[in-house]
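Q: compute the structure for the input listed below.
(2 chains)
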Amino acid sequence: MTDRESSLPSATSNDDPALAAELAALYARMPAAEPAQIARCTSAVLSAALPAPGAARPIGGLRFRWWWGAAAAALLIAVVTRPWRPDQAQQEADSAFVAAAAALEPRGLTVEERNGSVTRFDLTLPASTKAVSLVGDFNGWDEAATPMVRRASDGAWSTRVPLPPGRHVYAFVVDGQRWLVDPLAPQVPDAGFGPTNALIVGGTP
Amino acid sequence: MHAPALIACLLLIQLLVAEGSVEPPERRPHAQAEARQESREPRRQQVQFDASRFDSLTATALRSILDRAAAQGLPTAPLINRALEGAARRASGPKILAVVRVHAAALAEAREALGDRSTSQELDAGATAIGAGIDPGVLAAIRETRGPGQAITPLVVMTDLVRRGVPSLTARDAVTSIAIMPTSDEALLGLQLTVAKNAQRGPGMALDALNRYVRLTVPGARPPSTPATLDRKPVRPPPS
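A: Next comes the predicted model:
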């Protein structure tokens, strides 16, 4: 009896000797596999475990699909054939830039009311502001003379001052420390103290 | 005579002498100049020199500057305003004096350019324009477009345009071309607002906005300058 007939390939010392002998006898009676059969089995196992030669390889865990290329081609055609309007694109970019810049700056407004006898000053500031006062040549640049009141409707600081016709120079004092000017109103250049605003009240001065 | 009565008499005499030696405010030269200016501009509030806002040395020096300005026939209200602004900003005495002196010199220069019949506010606006670096000749050009008392708006707008980066001569051409139109004050203020909004995107954009505004406002006008921005790229505004 050869080794193939006497023992199983995976036999251990703990196996039941009777069962092992039975299985060994069955194993010995089985016909030996032919080389061609072994080759077919090996090929079948490898083809199941590995991609076939020439098949698409997965990209990033995804398999390439044909419609990916179609979508990319459509996007390219849309970008190339889209009418390019530089003015409009520039305008949109500028608007976004100005809006972003304006959100960071104080916004002021002066309105003549009651036929020009009273002028309303508005100033929009961040919500953290505690107090704002208006100073100018009409109140002797006195911070305590013209305090501004926060309007409940929009949060803007506002005050009304009777002003005679003519040119007036003014500024805003925030929290008793910081002097601000309205960025869009006419400005008087800094001549040593800091910039101020100029206002022209209608009528003949 | 008892000693207390003698002391009281002496104090009374000293007080009377002291009152007589102090010149009343209305007799001071700058007060007289204010009164003259007031008669020319009756509705304008008179600006008072409040010496208590300054230390004694600064107040004395300011009085001297005001008297000299009044002697030259210059309005003193703009100088007092400058001094009060400096005091409100808690500037030092020497700084206040320096600013007021420079403004007084600019007032004299503005009067040379704008003429003797100019109002106090015109001279103040002109002096501010000179302080912004505008040539007095430009002030004279503005005066040619507007009569006495009517040049305040062009001067204010001109100063603002130059401050926002528009070249002085370009601003002069734009302002004078609009100022000769009837009811042009609104148009000038519109020009100022347009340039101010576009100046946030850079000086070049401000210049292009000025060109467009003049072309649309003044019939047949040539733009004051060549286009400044050909690529139309926005530029981050300079830090204020």
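
Q: okay, buried residues for stretch B:59-73 please.
A: Judged by neighbour count (16 or more other Cβ atoms under 10 Å in any protein chain shown), stretch B:59-73 contains these buried residues: B:59, B:61-63, B:65-67, B:69-70. Quick note: C-beta positions are derived from backbone N, CA and C, even for glycine.

Q: so for that stretch, what's the average pLDDT?
A: Across stretch B:59-73, pLDDT averages out at 94.

Q: is that stretch anywhere near chain A?
A: No. Applying Cβ under 8 Å from any Cβ of the partner chain, one finds stretch B:59-73 out of contact with chain A, separated by at least 14.3 Å.

Q: ranges for the helices of chain B?
A: For chain B, applying DSSP state H gives helices covering B:3-21, B:29-40, B:56-71, B:77-88, B:93-114, B:120-131, B:136-145, B:152-163, B:168-179, B:185-199, B:203-217.

Q: next secondary structure element downstream of the longest helix along chain A?
A: When chain A is scanned for its longest helix (criterion: DSSP H), the result is helix A:86-104. Under the assignment DSSP states H and E, the closest C-terminal helix or strand after helix A:86-104 is strand A:107-113.

Q: packing partners for the next helix or strand after that next one?
A: Sequence-wise, the next helix or strand downstream of strand A:107-113 (DSSP H and E) is strand A:118-124. On a contact count with 3 or more Cβ pairs under 8 Å, 6 or more residues apart in numbering or on different chains; DSSP states H and E, strand A:118-124 meets strand A:107-113, strand A:157-162.

Q: what angle do the shortest one and strand A:107-113 make?
A: Here strand A:157-162 runs at 30 degrees with respect to strand A:107-113, directions being taken by axes from the mean of the first three to the mean of the last three Cα atoms, to 10 degrees.

Q: give me the residues contacting strand A:157-162.
A: For strand A:157-162, contacts defined as Cβ atoms under 8 Å, 6 or more residues apart in numbering or on different chains pick out A:113, A:117-125, A:129, A:132, A:134, A:138-139, A:146-151, A:172.

Q: which among those end up buried?
A: A:119, A:121-125, A:129, A:132, A:134, A:138-139, A:146, A:148, A:172.

Q: same list (those residues) but as TSV, adding distance to A:Ser47 and pLDDT.
A: Below are the buried ones among the contacts of strand A:157-162 laid out as TSV (distance: Cβ to Cβ, whole Å; pLDDT from 0 to 100):
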residue	distance to A:Ser47	pLDDT
A:Thr119	90	93
A:Phe121	85	94
A:Asp122	80	93
A:Leu123	79	92
A:Thr124	74	89
A:Leu125	74	86
A:Thr129	76	85
A:Val132	81	94
A:Leu134	87	95
A:Phe138	95	91
A:Asn139	94	91
A:Thr146	91	93
A:Met148	84	95
A:Phe172	82	94
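
Q: in contact with the most centrally placed residue in chain B, which residues?
A: Note on chain B: the residue nearest the mean C-alpha position is B:Asp124, at 2.6 Å, using Cα atoms, centre = their mean. Counting by Cβ under 8 Å, 6+ apart, B:Asp124 touches A:167, B:75, B:77-78, B:81, B:107.

Q: next, count neighbours for residue 199.
A: In the absence of a named chain, this looks at chain A. 21 (other Cβ atoms under 10 Å in any protein chain shown).

Q: that's the wrong chain, I meant chain B
A: 25.

Q: using PDB, write out every CA atom in the strand ranked longest in chain A.
A: If you go by DSSP state E, chain A has its longest strand at strand A:166-174. The C-alpha trace of strand A:166-174 is given here as PDB (Å, rounded to 0.1, in the frame of the first residue of the first chain):
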ATOM      1  CA  GLY A 166     -25.200 126.200   3.300                       C
ATOM      2  CA  ARG A 167     -22.200 124.000   3.800                       C
ATOM      3  CA  HIS A 168     -21.800 122.100   7.000                       C
ATOM      4  CA  VAL A 169     -19.000 119.800   8.100                       C
ATOM      5  CA  TYR A 170     -19.800 116.800  10.400                       C
ATOM      6  CA  ALA A 171     -18.700 113.400  11.600                       C
ATOM      7  CA  PHE A 172     -20.000 110.600  13.800                       C
ATOM      8  CA  VAL A 173     -18.500 109.600  17.200                       C
ATOM      9  CA  VAL A 174     -19.100 105.900  18.000                       C
END
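
Q: the next helix or strand after it near chain B anywhere?
A: Once strand A:166-174 ends, the next helix or strand along the chain (criterion: DSSP H and E) is strand A:178-180. Yes. Contact of strand A:178-180 with chain B (Cβ under 8 Å from any Cβ) involves A:Trp179.

Q: so what's the gap between strand A:178-180 and the chain middle?
A: Its chain's C-alpha centre lies 33 Å from the corresponding centre of strand A:178-180 when counted by Cα atoms, centre = their mean, to the nearest Å.

Q: that strand pairs with which strands?
A: strand A:166-174 (antiparallel) (DSSP bridges).

Q: quick check, A:Glu105 in contact with A:Pro183.
A: Yes. A:Glu105 lies in contact with A:Pro183 (Cβ atoms under 8 Å); the separation is 5.2 Å.

Q: quick check: the residue nearest to B:Leu97 when sequence neighbours are not counted vs A:Trp141, distance?
A: Distance criterion Cβ to Cβ, 6 or more residues apart in numbering or on different chains; nearest residue to B:Leu97, sequence neighbours excluded, is B:Ala61 at 5.3 Å. B:Ala61 is 19 Å from A:Trp141, where distance means Cβ to Cβ, to the nearest Å.

Q: one more: A:Leu125?
A: Using Cβ to Cβ, A:Leu125 is found at 20 Å from A:Trp141.

Q: ok, residue 113 - contacts?
A: Going with chain A. Contact partners of A:Glu113, counting by Cβ under 8 Å, 6+ apart, are A:119-120, A:160.

Q: ah, I was thinking of chain B
A: B:126, B:130, B:136-137, B:139-140, B:143.

Q: redo that, cut-off 10 Å
A: By Cβ atoms under 10 Å, 6 or more residues apart in numbering or on different chains, the contact list for B:Ala113 reads B:123, B:126-127, B:129-130, B:134-143.

Q: list buried residues within those.
A: Buried members of the contacts of B:Ala113, scored by 16+ other Cβ under 10 Å, are B:123, B:126-127, B:129-130, B:134, B:136, B:138-139, B:141-143.

Q: what about the spatially closest residue to A:Thr146 that is not a sequence neighbour, helix or strand, and which?
A: Nearest residue to A:Thr146 in three dimensions, chain neighbours excluded: A:Leu134, at 4.3 Å (Cβ to Cβ, 6+ apart). Following DSSP H and E, one finds A:Leu134 within strand A:132-136.

Q: next structured bit after that strand?
A: strand A:149-150.

Q: what comes into contact with that following strand?
A: Here strand A:149-150 makes contact (Cβ under 10 Å, 6+ apart) with A:125, A:127, A:129-132, A:156-160.
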